[in-house]
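Enquirer: After the sequence you'll find the predicted model.
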Amino acid sequence: MLSAQALLAGSPTNIFDPAATPARSIFGLSMLVLSVTLAIFLIVGGLLLYALIRFRHRSSDSGHEPAQIYGSNQIELSWTVIPILIVVMLFLSTTRVIWQTEAAPKPASAVDVTVIGHQFWWEYRYPKLGVVTANELHIPISNPQKPSPAFLEMSSADVAHSFWIPRLAGKTDLIPNRVNTMWIDPPVAGLYLGQCAQYCGTQHAKMLLRVYAESPENFTAWVKQQQQPANSDLSGNPLAEEGRAIFLRNACTSCHTVSGTSATGRFGPDLTHLASRDTIASGPIENTPQNLRKWIDDPNIMKPGSLMPSMHLNDHDLDAITAYLAMLH
């Protein structure tokens, strides 16, 4: 017979399929609370059903009321003490899980990531590795025998956001002028999906989360790639060379950074390695040249409410910039 966890598994955002220590702790607490409340429901429902059947009206009953009982010290004591004990037990269990997830010591092998929420995208900074990226968080898997969790320091650049990857951890709010922390340690490589869980504006629903847990070797290779400056070898692709010139002389540089160029904007995502990402627009759109061209032409067609304005470029300039950005691996 399949377990409840196996039956409910399959969804990429399923809280009943935990894949990291914080999520497993939360899952265990959830099952405890569910079991206690289910037991209470069955007991109360059973007693109510028994009373309805046992004391139902019968045709043989006389018209007189049965003997009335006023008060019972035993019943009064039981329905006072038992709920208190249940609440205390749940309180202590919840406190233990909060302590395990909030006050966990950080090992020397931990990966530090600074997470900044924006309307409507995520910025990731790896201060010890010199890497800045957007929307797709890469972390190494954590071996239980030699843990290497990712510790995230979170804040917001504008309004309140909430970082929630159900299979890895509970949600953590990102508040302006405040730093909150969380940690995740998936032992199995894979893609873990999540969502901004705090309404933050018109495109809140499309502020998605993608966490790539990779083997140490693949993570090291990814870091080395991200530490490189933007691809400057556009020889053999005159359209991409022209696209770089168009990009640098337009307002793109006011919002975006491309390392190794004069583009140093910080308002929008870092585009240094844009072509290495699977998605654009914080997750909902596949990163293909066709989609990228549509996005540059008018972001609000693909993501209404996006804060990126249309640059009103002609078709040739759109093709050129798209060719350039598609070279930024």
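Expert: Received it, and whenever you're ready, just let me know what you need.
Enquirer: helices and strands around whichever strand or helix holds residue 43, which ones?
Expert: Using DSSP states H and E, the secondary-structure element containing residue 43 is helix 21-54. Secondary structure elements in contact with helix 21-54, counted by 3 or more C-beta pairs under 8 Å, 6 or more residues apart in numbering; DSSP states H and E, are helix 73-102, strand 180-184. Where C-beta positions appear, they are placed from N, C-alpha and C, glycine not excepted.
Enquirer: Give me whichever of the ones you listed is most buried.
Expert: Per-residue neighbour counts averaged over each of the helices and strands packed on helix 21-54 give the maximum for strand 180-184, namely a mean of 20 (mean count of other C-beta atoms under 10 Å).
Enquirer: The helices and strands packed on helix 21-54 into a markdown table, with extra columns for distance to residue 196 and mean pLDDT?
Expert: Listed next are these as a markdown table, based on distance: least, C-beta to C-beta, whole Å; pLDDT from 0 to 100:
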| stretch | distance to residue 196 | mean pLDDT |
| --- | --- | --- |
| helix 73-102 | 20 | 92 |
| strand 180-184 | 14 | 95 |
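Enquirer: can I get the CA coordinates of stretch 28-35 in CSV?
Expert: Output for stretch 28-35, consisting of C-alpha atoms alone and laid out as CSV, is shown next (Å, rounded to 0.1, in the frame of the first residue of the first chain):
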residue,chain,number,x,y,z
GLY,A,28,7.2,16.0,10.3
LEU,A,29,5.6,18.8,12.4
SER,A,30,2.7,19.1,9.9
MET,A,31,2.1,15.3,10.1
LEU,A,32,2.1,15.5,13.9
VAL,A,33,-0.4,18.4,13.9
LEU,A,34,-2.5,16.6,11.3
SER,A,35,-2.5,13.3,13.4
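Enquirer: Would you indicate which residues of stretch 104-124 are buried?
Expert: Applying a neighbour-count criterion of 16 or more other C-beta atoms under 10 Å, one finds 104, 110-111, 113, 115-124 buried in stretch 104-124.
Enquirer: Hmm, residue 140 and residue 146 touching each other?
Expert: No - counting by C-beta atoms under 8 Å, residue 146 stays clear of residue 140, with 11.0 Å between them.
Enquirer: neighbour count winner among the two?
Expert: Here residue 146 and residue 140 are compared on neighbour count by other C-beta atoms under 10 Å; more neighbours surround residue 140, at 24 against 8.
Enquirer: Now that one: closest residue in space that isn't a chain neighbour?
Expert: Take residue 140 and drop its neighbours on the chain: the residue closest to it by C-beta to C-beta, 6 or more residues apart in numbering is residue 219, 4.1 Å away.
Enquirer: who's in contact with that neighbour?
Expert: 138-140 (C-beta atoms under 8 Å, 6 or more residues apart in numbering).
Enquirer: same thing with residue 94?
Expert: Contacts for residue 94 were tallied using C-beta under 8 Å, 6+ apart; they are residue 29.
Enquirer: how near is it to residue 173?
Expert: Note on residue 94: its distance to residue 173, by C-beta to C-beta, to the nearest Å, is 18 Å.
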